[in-house]
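Trainee: sequence unknown, structure follows:
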């Protein structure tokens, strides 16, 4: 059974007695269902993925249930949730590799909402759904609830920054669950912790829009990733008339453009994750 997940709007840290605040895990949004003892798992785009994560098929629930949450892998070195590790698991299709990965990079489903428990629960208020959720989670190393704090969103976000986590989510205590809708009345708000970097914009991708950017190092420019969005004003400022060379894939600028970008951190290979132009120097 699949239910389209409720989506979030963007916002900044705040404090309010009307909200719960929870950690925004760096993983894959997942809808997990158990109907007549059969476990299914779907991404937010309704891609079935239970065969890629056999750990989830071992879960035993007392009654029919649909849960919303985030699927994560924890890096054994940093002890933090790793987008790269969970995506590596998601991309696996070979049964032998999946079986090996279950030991080296097990997934954990972090649950934050219950959408169905013998009957739909989505019209219940969030604070009521959280009470229901307490008695739903089975005893297993592959599933847990996400902890949350009450009211103190700004203090909580300072802890998110301290431990360099992806961000947090603010949810109105009295909000109902709206399948497939993006919150537009501040019911659910995602607050991202960005990191800021100095880069040089060195060229433009041809087939699909994107600016190539690089870090300045003592050895010269080092590739940093691709900026896949820019406003009209930013594109106008950057321009691309002065080209030093080009091929079927890219055009390289004669004079790289300095910029400050914000990103969700770096990959293990040192590339920026989804960099966004903050401003142009």
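Mentor: Looks like it arrived, so ask away. Note that the structure is predicted; figures quoted are calculated from it, not measured. Numbers count the residues shown, from 1 in each chain.

Trainee: list the contacts for residue 167?
Mentor: The contact partners of residue 167, by CB atoms under 8 Å, 6 or more residues apart in numbering, come to 24, 157, 160, 190, 191, 192, 193. In short, each C-beta sits where N, CA and C put it, glycine included.

Trainee: is residue 41 located within a helix, as I assumed?
Mentor: No: remark: residue 41 does not belong to a helix; assigned using DSSP: H, G, I helix; E, B strand; the rest coil, it is strand.

Trainee: what sits closest to it if chain neighbours are left out?
Mentor: residue 50 (4.4 Å; CB to CB, 6 or more residues apart in numbering).

Trainee: switch the contacts of residue 167 over to JSON lines; also include neighbour count, pLDDT and distance to residue 175.
Mentor: What follows is the contacts of residue 167, written out as JSON lines (neighbours: other CB atoms under 10 Å; pLDDT from 0 to 100; distance: CB to CB, whole Å):
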{"residue": "24", "neighbour count": "22", "pLDDT": "95", "distance to residue 175": "17"}
{"residue": "157", "neighbour count": "21", "pLDDT": "97", "distance to residue 175": "20"}
{"residue": "160", "neighbour count": "19", "pLDDT": "95", "distance to residue 175": "21"}
{"residue": "190", "neighbour count": "16", "pLDDT": "96", "distance to residue 175": "14"}
{"residue": "191", "neighbour count": "22", "pLDDT": "97", "distance to residue 175": "16"}
{"residue": "192", "neighbour count": "16", "pLDDT": "95", "distance to residue 175": "20"}
{"residue": "193", "neighbour count": "19", "pLDDT": "95", "distance to residue 175": "23"}
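
Trainee: any idea which of those residues is closest to residue 125?
Mentor: residue 190 (20.2 Å; CB to CB).

Trainee: can you report how many residues neighbour the closest residue in space to the closest one that isn't next to it in sequence?
Mentor: Leaving aside its chain neighbours, residue 190 sits nearest to residue 8 (4.2 Å; criterion: CB to CB, 6+ apart). Residue 8: 17 surrounding residues under other CB atoms under 10 Å.

Trainee: contacts only, for residue 8.
Mentor: Residue 8 neighbours (CB under 8 Å, 6+ apart): 169, 182, 183, 188, 189, 190.

Trainee: I am finished for the moment; much appreciated.
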